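# need the 3D shape of this:
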Amino acid sequence: MSDTTPQLPSSSPAPSPETHVIDYRAAEQLLAARDPRGAVRLLDSVIAAHPENTAARLLRARAFFAAAQLRPAALEFELVLEREPDNAFAHFALARTHERAGRPAQARKHFRLAAALDPRPEYLAAARFEA
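Take a look at the predicted model:
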């Protein structure tokens, strides 16, 4: 007696660009809902398909930071800064990552770069130029 149950295809269709946009937006929502690991999982496929997408890398760096995965967060922030050296937020976030990892000298450098690029009060306070 043979099994006549229909078999489902073994692989799903390849993700489309629309799927990646949906995954990116869902990752933003997961990060906002305090599920950074879920956000990273969604962003992994987006970045695999679009490694040049700086916004996706910045979001993944934020998710790594929120998940206390400091080394991957720092690597992603650094990659963003290689592409966008004038990104004040990336400098500030990298500084926070270094600060949290116990690397105050690297943190201070990036706090100061962030403040020099964008004189927001929180960037200026973190830079501690008067010290």
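
# so who does residue 25 touch?
Contacts for residue 25 (CB atoms under 8 Å, 6 or more residues apart in numbering) come out as none. All C-beta atoms are positioned from the backbone trio N, CA, C, and that covers glycine.

# my error: substitute residue 66 in the last question.
Taking CB under 8 Å, 6+ apart as the contact definition, residue 66 lies against 31, 34, 36.

# one more: residue 95?
With contact set as CB under 8 Å, 6+ apart, residue 95 has these partners: 106-111, 114, 126.

# pull out the buried members of the residues you listed.
In those, burial by neighbour count holds for 107-111, 114, 126, counting by 16 or more other CB atoms under 10 Å.

# quick check: the farthest pair among these?
Among the buried ones among the contacts of residue 95, the pair separated by the greatest distance (CB to CB) is 109 and 126, at 11.7 Å.

# re the thing from before, now the contacts of residue 95 in TSV, with secondary structure, pLDDT and distance to residue 59?
Formatted as TSV, those follow (DSSP: H, G, I helix; E, B strand; the rest coil; pLDDT from 0 to 100; distance: CB to CB, whole Å):
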residue	secondary structure	pLDDT	distance to residue 59
106	helix	97	22
107	helix	98	22
108	helix	97	26
109	helix	97	24
110	helix	98	19
111	helix	98	21
114	helix	98	18
126	helix	96	22
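
# just the buried positions in the longest helix seen in the chain, please.
For the chain, the longest helix by residue count, based on DSSP state H, is helix 17-32. Buried positions in helix 17-32, judged by neighbour count with 16+ other CB under 10 Å: 20, 23-24, 27-28, 30-31.

# adding pLDDT and distance to residue 55, write these out as TSV.
Below are those laid out as TSV (pLDDT from 0 to 100; distance: CB to CB, whole Å):
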residue	pLDDT	distance to residue 55
20	94	11
23	96	13
24	97	8
27	98	11
28	98	10
30	98	16
31	98	13
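
# what mean pLDDT does stretch 86-93 get?
The average pLDDT for stretch 86-93 rounds to 98.
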